[in-house]
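> kindly return the folded structure for what I paste below:
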Amino acid sequence: MSLYAYGAASLLALVLLAGTHWKAYVSGKAEVRAEWTAAQLAFQTNTRAKEAAITKQLNEARNAATKRETKLRSDAAGAQLSADKLRDELANISNSLPSLPANSSYERANTLAFVLGECTTAHGILAQQADRITSDRQTLIDAWPN
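As a prediction, this is how the structure comes out:
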């Protein structure tokens with residue numbers, strides 16, 4: 001064989017080897033890209049599921065807080081109604097006292113009615129603040145991700 005024949009055979013072998021190497025490179029690149037895309041899709045799906053779970057938990061906590069707030073307002077209105085009834089009863093007693101002989105009883109009843117009214121107002125405000133703090137605390141506990 002001549003030198004040209006060896007050269008042509010070597011060149012042909014080199015071209016075939018390069019072609020198969022190129023095909024393997026392109027095929028491997030596509031396989032790696034497909035694996036990366038699948039991993040990225042799985043990550044995004046997992047992230048969306050976690051986000052949806054946290055959003056659901058937060059919404060449930062907010063709804064529970066709204067229900068608690070509604071109940072607190074209702075309870076506060078009931079307490080205020082009871083206090084108003086008691087104040088009216090004391091006022092009626094106070095109004096009937098002037099017909100009694102002792103004027104000091106009248107003054108004492110008025111003073112007690114005033115003090116009771118002040119205490120009731122302060123207690124109602126304090127109870128509402130405490131209920132709101134408790135409700136806010138529970139909302140934070142309910143909304144905290146597990």
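
> who does the host helix or strand of Thr134 touch, helix- and strand-wise?
Assigned by DSSP states H and E, Thr134 belongs to helix 103-143. For helix 103-143, the packing partners by 3 or more C-beta pairs under 8 Å, 6 or more residues apart in numbering; DSSP states H and E come out as helix 3-96. Where you see a C-beta, it was placed from the backbone N, CA and C, and this is true even at glycine.

> helices and strands around the helix it packs on, which ones?
Packing partners of helix 3-96 (3+ C-beta pairs under 8 Å, 6+ apart): helix 103-143.

> how many other residues sit next to Thr55?
Counted with other C-beta atoms under 10 Å, the neighbours of Thr55 add up to 10.

> where in the protein is pLDDT low?
Counting by pLDDT under 70, the chain shows low-confidence ranges at 1, 96-106.

> chain center to the helix holding Thr134: distance?
29 Å (C-alpha atoms, centre = their mean, to the nearest Å).
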